[in-house]
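Asks: Just the structure for this:
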Amino acid sequence: MEEDAKAMVLGSFLADSLSLGVHWIYDVNRIKKEFGRVENLLKPLLDSYHPTKDRGEFTHYGDQAMVLLESVSAKGRFDPEDFFSRWRALFKDYHGYLDQATKATLQNFASGKSIQDAGSPSSDLAGAARIAPLAFLLRHNQDALVKAATAQTHMTHNNPLVIASAEFFARVCWNALRGTPPTAAISSVAAEHFKASPLSEWVKKGIDSRDKDSVSAIATFGQSCRVDHAFPSTVHLISKYENDFKEALIQCVISGGDSAARGMIVGMVLGAHLGEKHLPQEWVLSLKRGKDIVRLLDMIP
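Replies: Below you'll find the predicted structure:
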């Protein structure tokens, strides 16, 4: 399980970095024409949302997940105050993009709200997408994992459906690390914990779309950051490419829109399921902070 757990975290970061070059381009024909299948990590264009970033770096989502990994590695546990302090420091002189959820959370905290109450009302799935470090830290304690995953999401995305999504995919990862195929894990988690939730309907839509072309399916669900768009798209990718890590993330990226948020979850779940041998080594070697990630993971018991 230990090596699969490391692949789970690396898989999530790889997905974010693969998305970096074309992140938030919604025109899939433009992606096809200018970038092709996006089979390698790319440097963002100067007119993109991430012009200051280089090939192998992260979007602002991946940067936040890295801060979370640094926090849990230093503390040996999930410490909300330490994470939030590091998270605020990340954005003090940030050389990347600041989304609305980040701006609103920072403003709320500056106005006097506590770290428990400062979270934005954002419906973006991104708040639930950075949980891989917690899934590694708490891989032996499912209840603690769920508690930590929802707490860290709440800190920046105080939206019930985004928080529920963090719990959902934390549970899916827990089962995937124990050998349950991801699609079966998704179905069982939905049935056991989310029967009366909109998440169950999104699960059904995602799984039922497995026979469809991914670009078309994700266009139908919606390419945006919104959880009601991104959640079924994420389920589609996991279930359609359950045994093909690389293709799942390529299809995620060429489908356009917010490929980073859904990709981080896809990479996390399929990394847990398939293990390190299925992570494309050319991507791993191109990841600028790849060695740092492994070093930090090795510090966590």
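Asks: buried stuff in stretch 92-107?
Replies: 96, 97, 99, 101, 102, 104, 105, 106 (16 or more other Cβ atoms under 10 Å). Just so you know, the C-beta spots here come from the backbone N, C-alpha and C atoms, and that holds for glycine as well.
Asks: Off-centre distance for stretch 16-29?
Replies: Here stretch 16-29 shows a centroid-to-chain-centroid distance of 14 Å under the convention Cα atoms, centre = their mean, to the nearest Å.
Asks: Can you add distance to residue 222 and give the buried residues of stretch 92-107 back as TSV?
Replies: TSV is the format used below for the buried residues of stretch 92-107 (distance: Cβ to Cβ, whole Å):
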residue	distance to residue 222
96	25
97	21
99	17
101	18
102	22
104	22
105	24
106	27
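Asks: Nearest to residue 16, out of those: which one, please.
Replies: Taking Cβ to Cβ as the measure, residue 16 sits nearest to residue 96 out of those, at 12.0 Å.
Asks: Restricted to strands, list the buried residues of stretch 92-107.
Replies: Judged by DSSP state E, strands contain none of these.
Asks: Widest-spaced pair of those?
Replies: 96 and 104 (17.1 Å).
Asks: Let me see the contact set for the closest residue to residue 39 other than its chain neighbours.
Replies: Distances taken as Cβ to Cβ, 6 or more residues apart in numbering place residue 250 nearest to residue 39, at 6.1 Å, with adjacent residues excluded. If a contact means Cβ atoms under 8 Å, 6 or more residues apart in numbering, then residue 250 has 18, 37, 38, 39 as its contacts.
Asks: May I ask which helix or strand encompasses residue 250?
Replies: helix 245-254 (DSSP states H and E).
Asks: Heading C-terminal from that helix, find the next helix or strand.
Replies: helix 259-274.
Asks: returning to that earlier point: among the buried residues of stretch 92-107, which are in helices?
Replies: Of the positions in the buried residues of stretch 92-107, 101, 102, 104, 105, 106 sit in helices, assigned by DSSP state H.
Asks: pretty sure the fourth one is in contact with residue 156, am I right?
Replies: Yes. In this structure, residue 105 sits in contact with residue 156. The criterion is Cβ atoms under 8 Å, and the distance is 4.8 Å.
Asks: Identify the contacts common to the two.
Replies: When Cβ under 8 Å, 6+ apart defines a contact, the residues bordering residue 105 and residue 156 alike are 119, 120.
Asks: Weed out the non-buried ones from the contacts of residue 250.
Replies: When those are checked for burial by 16+ other Cβ under 10 Å, the buried set is 18, 38, 39.
Asks: would you turn those residues into TSV with secondary structure?
Replies: Written out in TSV, the entries for the buried ones among the contacts of residue 250 read as follows (DSSP: H, G, I helix; E, B strand; the rest coil):
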residue	secondary structure
18	helix
38	coil
39	coil
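Asks: In TSV, list the residues you listed along with distance to residue 10.
Replies: Output for the buried ones among the contacts of residue 250, formatted as TSV (distance: Cβ to Cβ, whole Å):
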residue	distance to residue 10
18	12
38	19
39	18
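Asks: ok, of these, which one's closest to residue 58?
Replies: Minimum separation from residue 58 among these (Cβ to Cβ) is found for residue 18, which lies at 10.4 Å.
Asks: Contact partners for that closest one?
Replies: Under the criterion of Cβ under 8 Å, 6+ apart, the contact partners of residue 18 comprise 38, 41, 249, 250, 253, 263, 283.
Asks: hmm, try it at 7 Å
Replies: Taking Cβ atoms under 7 Å, 6 or more residues apart in numbering as the definition of contact, the neighbours of residue 18 are 38, 41, 249, 253, 263, 283.
Asks: quick check, nearest of the ones in helices among the buried residues of stretch 92-107 to residue 179?
Replies: residue 101 (34.7 Å).
Asks: That closest one and residue 80: what is the separation?
Replies: As for residue 101, its distance to residue 80 is 17 Å (criterion: Cβ to Cβ, to the nearest Å).
Asks: before we move on, what about residue 145?
Replies: As for residue 145, its distance to residue 80 is 15 Å (criterion: Cβ to Cβ).
Asks: and the residue nearest to residue 39, what pLDDT?
Replies: On the pLDDT scale, residue 250 is placed at 98.
Asks: Many thanks, have a good one.
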